[in-house]
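A.B. asks: structural data only, the sequence is not supplied:
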């Protein structure tokens, strides 16, 4: 894979959360500047661009990930297939595909835009705040995930009923239900009515 300027900037940061730059946006999603990742998430939070990916298998099951215990923000909680932040100037679609491969070792066989959602979710455990303008993507994956252990503690394929059961007993990210509900129309179109999403 060729190295882009965004990749070079990321590599130069040594991956530390405070050195990675995020794209700040206004309420319409127009870029207005950048901020260091940790700064953007400190209360009250600064509105920034993000993405969330929901990948399904041929049986209509959703791939969940449990965030690695070593992550500084929302460690150990379950969430959607992949989420993150584009580098400044990086297209959200490209960021979603890139990050899905980096975290889970899979490339979607289909990935489609599913709208945007804007939210403000404080994380009680860390004290950090998610003020995000989030680009949603849904898609299909045919390969088995091979997660990066520094990013992902575990994965699970779930039906809607299995998700409801897991959501009732396990901790999930503060943003999970917001992004899932916003993506549901596109998920239903992708998986069909019989899948139950």
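C.D. replies: Happy to help now that I have it. Model, not experiment: these values are computed from the prediction.
A.B. asks: end-to-end on stretch 65-82?
C.D. replies: Chord length of stretch 65-82, first to last residue, is 7 Å (CA to CA, to the nearest Å).
A.B. asks: residue 161: what's it in contact with?
C.D. replies: The neighbourhood of residue 161, defined by CB atoms under 8 Å, 6 or more residues apart in numbering, consists of residue 196. (Each C-beta comes from the backbone N, C-alpha and C, glycine too.)
A.B. asks: list the buried residues of the helix or strand it falls within.
C.D. replies: Using DSSP states H and E, residue 161 sits in helix 160-169. Applying a neighbour-count criterion of 16 or more other CB atoms under 10 Å, one finds 163, 167 buried in helix 160-169.
A.B. asks: for stretch 113-133, same thing?
C.D. replies: Under 16+ other CB under 10 Å, the buried positions of stretch 113-133 are 114, 116-119, 121, 123, 128-133.
A.B. asks: same list (those residues) but as JSON lines, adding distance to residue 75, pLDDT and secondary structure.
C.D. replies: Formatted as JSON lines, the entries for those read as follows, by distance: CB to CB, whole Å; pLDDT from 0 to 100; DSSP: H, G, I helix; E, B strand; the rest coil:
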{"residue": "114", "distance to residue 75": "27", "pLDDT": "98", "secondary structure": "strand"}
{"residue": "116", "distance to residue 75": "26", "pLDDT": "98", "secondary structure": "strand"}
{"residue": "117", "distance to residue 75": "23", "pLDDT": "98", "secondary structure": "strand"}
{"residue": "118", "distance to residue 75": "25", "pLDDT": "98", "secondary structure": "strand"}
{"residue": "119", "distance to residue 75": "20", "pLDDT": "97", "secondary structure": "strand"}
{"residue": "121", "distance to residue 75": "16", "pLDDT": "94", "secondary structure": "strand"}
{"residue": "123", "distance to residue 75": "10", "pLDDT": "83", "secondary structure": "coil"}
{"residue": "128", "distance to residue 75": "11", "pLDDT": "90", "secondary structure": "coil"}
{"residue": "129", "distance to residue 75": "16", "pLDDT": "93", "secondary structure": "strand"}
{"residue": "130", "distance to residue 75": "14", "pLDDT": "94", "secondary structure": "strand"}
{"residue": "131", "distance to residue 75": "20", "pLDDT": "96", "secondary structure": "strand"}
{"residue": "132", "distance to residue 75": "18", "pLDDT": "98", "secondary structure": "strand"}
{"residue": "133", "distance to residue 75": "24", "pLDDT": "98", "secondary structure": "strand"}
